[in-house]
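**Student:** Whatever this is, show me its structure:
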Amino acid sequence: MVKPVIVGAHYGFRDWLLQRITAVVMALYTLVFAVCALMMPDGSFESWRGVFSGGFMKFATFLFFMSLFFHAWIGVRDIFMDYIKPTGIRLTLHSVVALLLIGYAGWAAQILWRL
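**Tutor:** I've put the predicted structure just below:
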């Protein structure tokens, strides 16, 4: 006899909500970035450097990337949980993706604060 797994009433709600919040953050950043790009006098390196010289744009860009990575983590994790049945393979894929996203976050921080 198989016993059913009983979960709480809000199972998965937190991830659903966080994915929506990260999507809103990414959409707002895209609008801010588009306005900044359209208001630049030219597309020179110095103009772009001026946009990112202030702390606000660096922070907003880093927040965008953190939202992107977290959004991707939730989506990829759910895909792996749904379609990769062998536990060892799924754990390996989860670990690889998590390490890659952490590395990308460090790389983004290095790039942003090196300017």
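**Student:** Flag the shaky bits of this structure, pLDDT-wise.
**Tutor:** Flagging of the chain using pLDDT under 70 yields the residue ranges 1-11, 115.
**Student:** Can you pull up the most central residue in it?
**Tutor:** residue 68 (1.9 Å; C-alpha atoms, centre = their mean).
**Student:** contacting residues around that one?
**Tutor:** Residues in contact with residue 68 (C-beta atoms under 8 Å, 6 or more residues apart in numbering) are 22, 26. Yep, even glycine has a C-beta here, placed from its N, CA and C like the rest.
**Student:** Report all helices and strands that the host helix or strand of residue 108 contacts.
**Tutor:** Residue 108 belongs to helix 87-114 when assigned by DSSP states H and E. Contacts defined by 3 or more C-beta pairs under 8 Å, 6 or more residues apart in numbering; DSSP states H and E place helix 87-114 against helix 55-83.
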